[in-house]
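A.B. asks: structure for this input, please:
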Amino acid sequence: MRLTTLTLLLCLIVPALACGARGDVQNAKAPEAPAATPAPAAQIPQSKTCALLSAEELKEVQGEAPTGEQGSEHATGPLSMSQCFFRLPTFAKSINLEVVRAAEGADALKEYWRKRFHPEAVEARERQHELKEEREREREEMLERERAAGQVREGGHGEEEEEGDEGDDSRPQRVPGLGEEAYLTGNERTSTLSVLKGDAVLRLSLSGPEERRAKLKRASALAAKALKRL
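C.D. replies: Numbering: from 1, shown residues only. Here you go, the predicted structure:
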């Protein structure tokens with residue numbers, strides 16, 4: 001009788017212990033996988049030209065320190081362009097600085113400079129501009145005659161813009177004392193100071209309501225600082 005009872009108890013206890021062991025194994029937490037290290041954010045390439053002017057220098061000349069810089073590097077044919085836009089709190093005081101170099105030989109830079117500032121190239125652009133204005137006057141006179149005769153012509157009379165610096169309305173002004181050669185160009189809104197020094201051309205553009213002489217003074221002061229690091 002006692003043997004039978006003992007055997008029955010063992011039959012009940014052993015399965016219970018086995019079930020408990022299995023439960024402990026199932027309830028045990030699996031080791032957590034190490035957290036993935038976040039990939040570093042992609043760095044935006046900074047233009048080397050942004051290092052040519054400091055915030056202190058911009059504040060000294062423009063009266064405000066920049067709130068940001070936006071640089072870019074690109075190639076245009078045989079030339080390489082490195083640009084930096086310095087954004088100031090008063091947007092009209094912002095500065096655009098560009099350095100032009102020859103990607104393939106020095107002749108490309110000389111040709112770039114010659115086409116923009118040498119007298120024969122300037123005179124050729126002025127002649128093209130005069131011819132364009134003359135064609136515009138002739139078209140207007142023809143349209144006036146057609147309107148007077150009761151004729152209405154459909155379609156536009158526009159033509160494609162000719163190549164050149166369309167934003168420069170004035171004849172280049174020679175600026176002494178900067179680099180090997182320097183010229184100021186521009187219009188009522190924006191003035192650009194271009195300086196040739198060695199194997200590079202530095203171009204500094206600024207805007208604002210100031211007269212041309214005041215813009216030249218500011219541009220010359222900033223260009224002189226940038227040329228020291230060029």
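
A.B. asks: pLDDT wise, what is Glu69 at?
C.D. replies: The predicted structure scores Glu69 at 95 on the pLDDT scale.

A.B. asks: can you count the residues close to the residue lying closest to it once chain neighbours are set aside?
C.D. replies: Leaving aside its chain neighbours, Glu69 sits nearest to Cys50 (4.8 Å; criterion: Cβ to Cβ, 6 or more residues apart in numbering). Just so you know, the C-beta spots here come from the backbone N, C-alpha and C atoms, and that holds for glycine as well. Neighbour count for Cys50, taken as other Cβ atoms under 10 Å: 19.

A.B. asks: ditto for Arg212
C.D. replies: As a measure of burial, Arg212 has 14 neighbours, counting by other Cβ under 10 Å.

A.B. asks: cool, the one 3 residues further on as well?
C.D. replies: A total of 21 residues lie near Lys215 under the criterion other Cβ under 10 Å.

A.B. asks: thinking it is in contact with Arg189, fair?
C.D. replies: No. Taking contacts as Cβ atoms under 8 Å, Lys215 lies outside contact range of Arg189: 10.2 Å.

A.B. asks: residue boundaries of the strands in this protein?
C.D. replies: 68-76, 79-87, 95-102, 173-174, 181-186, 190-197, 200-207 (DSSP state E).

A.B. asks: where does the protein have its least confident helix or strand?
C.D. replies: The weakest-scoring helix or strand in the chain, judged by mean pLDDT, DSSP states H and E, is helix 2-27 (a mean of 49).

A.B. asks: related to what we said a few turns ago, ok, which of the strands of the chain comes nearest Phe117?
C.D. replies: Each of the strands of the chain has some distance to Phe117 by Cβ to Cβ; the shortest is strand 181-186, at 4.9 Å.

A.B. asks: who's in contact with Leu88?
C.D. replies: Leu88 makes contact with 58, 62, 64-67, 94-95, according to Cβ atoms under 8 Å, 6 or more residues apart in numbering.

A.B. asks: out of those residues, which are buried?
C.D. replies: For those, a burial check counting by 16 or more other Cβ atoms under 10 Å picks out 58, 62, 66, 94-95.

A.B. asks: out of those, list just those in helices.
C.D. replies: Under the assignment DSSP state H, the buried ones among the contacts of Leu88 contribute 58, 62 to helices.

A.B. asks: tabulate the buried ones among the contacts of Leu88 (TSV), appending pLDDT and distance to His118.
C.D. replies: Conversion of these to TSV gives the following (pLDDT from 0 to 100; distance: Cβ to Cβ, whole Å):
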residue	pLDDT	distance to His118
Leu58	97	32
Gln62	95	32
Pro66	96	34
Ser94	96	30
Ile95	96	27
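
A.B. asks: between the buried ones among the contacts of Leu88, which is closest to Ala221?
C.D. replies: Nearest to Ala221 out of the buried ones among the contacts of Leu88 is Gln62 (Cβ to Cβ; 9.6 Å).

A.B. asks: contacting residues around that closest one?
C.D. replies: 88, 93, 95, 218.
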